[in-house]
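> Please work out how this folds:
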Amino acid sequence: MLASKEPCVNRKATIALLATVAGLLMPGTAWADLADEQALADRYAPVVRLVVQEEECGPGEPYEPIDVDLLFGDPTVALRGPWNATDLVKIGPSAADLVNRYEYHLDYPGSALDPGCSYEQWNRRLTVGSSPTVYAHVATDPGHPGRLALQYWFFYVFNRFNNLHEGDWEMIQLDFDALDAHDALARKPVAVGYSSHEGAEHAAWGDEKLAIVDGTHPVVYPAAGSHANKFGDALYLGSSAEAGVGCDDTEGPHREVRPVVKTIPSDPAAAESAFPWIAFEGRWGELQKAFFNGPTGPNLKQQWTEPIEWSDGWRDRSYAVPAGGVLGTAATDFFCVAVERGSRGLVSLLRNPGAVLITLALLLALLIFVITRTEWRPTAPLRVARRRTWGQIISAAGRMYVQRAPLFIGLGILFIPLGGIISLVQAGVLGGFGLLGVSASGEAAGALLLLIAVLGVILALFGLALLQGATTCALVRVDAGESIGPIAAYRLTLGKIRPLFSSIAMAVVAGFVLVGTGILIPVAVWLAVRWSFLAQAIVLEDSPAFASLRRSGQLVRRRWLRVGSLVGIGAVLALLAGPLLGALLILFIDAPLALMNILAGIVYALAMPFVALVTTYVYFDARTRQELPGDDEPGELPAEIAV
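As a prediction, this is how the structure comes out:
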């Protein structure tokens, strides 16, 4: 009996022994894998350079990537859903409360569409005593065997970009030719991708644009507000859903952050056990309309389960806005501002649709009223010295430009090198302070900066005054039936260079003094319109510098609104033509941004003679109305038919 039982006992003992060994080995293997993943994550932990915020609630980046555990159990955080924003599930939810919650959402104190400073203040309260944190994750891709991805996920409590929303998940990814974390520890990454809105930008390990600290730590520049990750320090422009529509600013100064790295196990069960919130299938911010919703978490992104497939779609570059040159950055600046203002308008529409629609309707009604209340014909531009209606002045200036296009286009083209020369003179004058060893600090430094600003504006407006004078001279010669070319028109104007420069200088200094007071800004605007005709007074009436300001004021008297609206409309049309064209090209054509700015600068230069034409027609209209007696209405109108 005993002999017969021995084999059975031995078999049971063997099975038990094998089970025990397996039980011991399996956790050991799991722990070894996690240890390798943590070691890999620590080795390549990113260095984060955030834009410095100089003052509370001012420009810059107030948010750091945080430990999401700070959200859980906090009485200012709510879990809501799944059907609408008012279905409160729990105040201060735990991480376990989020497990498998589909289409629920977290709600933080504040309104995403009217953030003010509330999220910044709440974030500061929430993170007291904590350290910035990123979450590492090692992932393979079934469709790409032999490849491995190391991801770092950043969570910010608020996205202060064009699409305002609570919560913001961003990430960077390093790709390896490796089977697992242990294998990757013996290799270097082959590629790096930085998330930016809906896509990411690619760099090979060792690329010049990829900064690396201590040999293994990639440097990442999150854009202020949007947290789009960039490789460098610049103002970046995006014109697609993938790159984001708008401008991401990573320009310094910066503060450097080295976040704590917490590694989420690659094994799903172990990941959920250690970080229950990774199973959340809802949104990490309040529900809002359109693209103002809070984002979903890492586990619902394609790169979580198909990281290599996702990396195949990385773009090669982001477009940095070029530095200013002779022709400036009008197109890119206009694009950035237009997208930002458009976003604000959409936010206002969502917050208070009734008021916004009423305002737009009133503006449209006002525009229709203005257009229909004036006469636009006849449009014949000659003779210049006559009274015209508001609409006739605009149409006459436009028709004159078209009829004499070579002349006025030539004036605009010559304005480009002329503007370049003035820019060089400006740089030389301003740089001369440094060459002379002039330096200052405190109040003296402020005075020096003010002087530099005044000189810059004087020189810029002097260039426009030269163009105004040349256009006026050309128009008068054409009106007299004489022939004149662009060079001759500028030559005539340069003969008046001293009074032109002096009058501009006096106007700019007076404007700076008034604007500096703050409360007298309306007076500065009033004077700017009163002095609209100083170039015409100098080149046509031979007025000295100070007298030209007085003469312009006499002509504008009792016509301020008429002159201001006409000169203002002409200037707006000319100033917007170039930047608007450049912005449209940015949206629809994939061309270098520098080329867009050059095109915008050329269009701007060609449009400025139109502004000068409008101003000159307004000048002659004012002179005619001043020098001729007014048309007195009769006290009684005679009958035209028998009664």
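> What are the contacting residues of whichever strand or helix holds L549?
Element membership of L549, judged by DSSP states H and E, is helix 545-556. Residues from elsewhere that reach helix 545-556, judged by CB atoms under 8 Å, 6 or more residues apart in numbering: 498-500, 502-503, 506-507, 529-534, 536-538, 541, 543, 563, 619, 622-623, 626. For every residue, glycine as well, the C-beta is placed using N, CA and C.
> Make a ChimeraX selection of whichever of the residues you listed turn out to be buried.
Selection of the buried residues among the contacts of helix 545-556 in ChimeraX, burial being defined by 16 or more other CB atoms under 10 Å:
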select :499,500,502,503,506,507,529,530,531,532,533,534,536,537,538,543,563,619,622,623
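> What about the spatially closest residue to A204 that is not a sequence neighbour, how many residues nearby?
Of all residues not flanking A204 in the chain, A191 sits nearest, at 5.8 Å (CB to CB, 6 or more residues apart in numbering). By other CB atoms under 10 Å, the residues close to A191 number 20.
> Would you mind naming the residues that bridge with A191?
Note on A191: beta-bridge partners by DSSP bridges are D175, A204.
> Tell me how far L164 lies from I368.
Distance, L164 to I368, using CB to CB, to the nearest Å: 33 Å.
> Those two: which has the busier surroundings?
Set L164 next to I368 and count neighbours by other CB under 10 Å: L164 wins out with 21 against 10.
> for the more buried one, what are its contacts?
Residues counted as contacts of L164 (CB under 8 Å, 6+ apart) are A112, L113, P115, F158, F292, V347.
> Residue ranges in the stretch 1-150 of the chain under the pLDDT threshold?
By pLDDT under 70, the weakly predicted segments of the stretch 1-150 of the chain are 1-32, 85.
> All the helices of it, residue numbers only.
Applying DSSP state H, counting those that start in this stretch to the stretch 1-150 of the chain gives helices spanning 2-43, 118-126.
> residues contacting W122?
T76, Y108, P109, G110, V157.
> Surely A139 and P265 touch.
No - under the criterion of CB atoms under 8 Å, A139 makes no contact with P265, lying 10.8 Å away.
> Rank the helices and strands of this structure by mean pLDDT and give me the bottom one.
Every helix and strand of the chain was ranked by mean pLDDT, DSSP states H and E. The lowest is helix 2-43, at a mean of 56.
> For stretch 177-188, which outside residues touch it?
Contacts with stretch 177-188, where a contact means CB under 8 Å, 6+ apart, come from 32-33, 36-37, 39-40, 43, 138, 140, 146-148, 150, 176, 190, 205, 266.
> Q151 in helix, strand or coil?
Assigned by DSSP: H, G, I helix; E, B strand; the rest coil, the conformation of Q151 is strand.
> residues touching it, list them.
Q151 makes contact with A136, H137, V138, A139, M171, I172, Q173, L174, P298, Q303, P307 under the criterion CB under 8 Å, 6+ apart.
> same thing with L126?
Taking CB under 8 Å, 6+ apart, we find L126 in contact with I66, L70, L71, D74, T76, V157.
> can you rerun that using 6 Å?
With contact set as CB atoms under 6 Å, 6 or more residues apart in numbering, L126 has these partners: L70.
> again, but for V384
Residues in contact with V384 (CB under 6 Å, 6+ apart) are D479, F620.
> Which ones among the contacts of helix 545-556 map onto helices?
Mapping the contacts of helix 545-556 onto helices (DSSP state H) picks out 498-500, 502-503, 506-507, 529-530, 534, 536-538, 541, 563, 619, 622-623, 626.
> ends of stretch 477-485, how far apart?
Chord length of stretch 477-485, first to last residue, is 10 Å (CA to CA, to the nearest Å).
> what comes up buried for that stretch?
R477, V478, I484.
> Leaving out chain neighbours, which residue sits closest to the first one?
This points to R477. Distance criterion CB to CB, 6+ apart; nearest residue to R477, sequence neighbours excluded, is I484 at 4.1 Å.
> Spell out the secondary structure type for the one you found.
Applying three-state DSSP: I484 is coil.
> Would you check how far apart it and P499 are?
I484 is 21 Å from P499, where distance means CB to CB.
> Ok, F369 next?
40 Å.
> And the closest residue to W390 other than its chain neighbours, how far from A361?
Nearest residue to W390 in three dimensions, chain neighbours excluded: T374, at 4.3 Å (CB to CB, 6+ apart). Per CB to CB, T374 is found 21 Å from A361.
> swap in G215?
Taking CB to CB as the measure, G215 falls 62 Å from A361.
> now do A488
Going from A488 to A361 by CB to CB gives 50 Å.
> Ok, A537 next?
Distance of A537 to A361, given as CB to CB: 42 Å.
> for V478, same thing?
Counting by CB to CB, the gap from V478 to A361 is 43 Å.
> A139 reaches I308, doesn't it?
No - using CB atoms under 6 Å, A139 makes no contact with I308, being 8.7 Å away.
> element containing F154?
F154 belongs to strand 148-159 when assigned by DSSP H and E.
> That strand vs helix 118-126, what angle?
Here the directions of strand 148-159 and helix 118-126 differ by 110 degrees (axes from the mean of the first three to the mean of the last three CA atoms, to 10 degrees).
> Going by neighbour count, list what's buried in strand 148-159.
In terms of neighbour count (16+ other CB under 10 Å), strand 148-159 has its buried residues at L148, A149, L150, Q151, Y152, W153, F154, F155, Y156, V157, F158, N159.
> Out of the residues you listed, which comes closest to C57?
Distance ranking of the buried residues of strand 148-159 against C57, using CB to CB, places F158 first at 12.3 Å.
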